[in-house]
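In: Starting from these lines, generate the structure:
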Amino acid sequence: MSTTTNALTVTAPEGVQYVDFVREFDYPVEAVFNAHRDPALVAQWLGPRDLEMEIEEYDFRTGGRYRYIHGRGDEKYGFNGVFHVVRENEFAVQTFEFEGYPDVVALDSMRFVDLGNGRTRLEGHSVYPTQEARDGMVASGMEHGMREGYERLEELLG
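Out: Modelled structure (predicted):
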């Protein structure tokens, strides 16, 4: 487990169709961005600790696509989307679809903020098509998976 003091903050206000998150890292923007770009690194940190990750496609660039599967034993959870905008070490916008809840596509943005002194703040914003979809994602354990994933990312960068 990570001993980091950089806690994940997830904000999901009542009555809105979005979720925001913030997480700081004691590593430079270039390292945090590269860990989001390189599929070999993504496979090592994205998602909860108890799930294996298989990447079928991952092209982190403007116009690129992705599809991966998280699983344990016979349980499989597929995710896919398109990277609409990727600006090196700065910003990314992507769609996000959990294949177990088809036809609900979120629009996610991430900002990679250079805090100086080799530190980075990752700021995310996810917009869902309905309040019900947003609430379902929040209730699904999303925050737990994000928290563990970012702890794993911190460990990977260390």
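In: Pull the number of nearby residues for Glu88.
Out: 13 (other C-beta atoms under 10 Å). The way it works is simple: take the backbone N, C-alpha and C, and place the C-beta from them, glycine included.
In: Was I right to think it contacts Phe33?
Out: Yes. Glu88 lies in contact with Phe33 (C-beta atoms under 8 Å); the separation is 7.0 Å.
In: what packs against the worst-scoring helix or strand of the chain on mean pLDDT?
Out: Between all helices and strands in the chain, the lowest mean by mean pLDDT, DSSP states H and E belongs to helix 131-139, at a mean of 91. For helix 131-139, the helices and strands in contact under the criterion 3 or more C-beta pairs under 8 Å, 6 or more residues apart in numbering; DSSP states H and E are strand 18-25.
In: The strand it packs on pairs with which strands, parallel or anti?
Out: Using DSSP bridges, the strands paired with strand 18-25 are strand 9-11 (antiparallel), strand 119-127 (antiparallel).
In: so who does the closest residue to Gly78 other than its chain neighbours touch?
Out: Ranked by C-beta to C-beta, 6 or more residues apart in numbering and with sequence neighbours excluded, the top spatial neighbour of Gly78 is Glu99, at 3.8 Å. Going by C-beta atoms under 8 Å, 6 or more residues apart in numbering, Glu99 touches Tyr77, Gly78, Phe79, Asn80.
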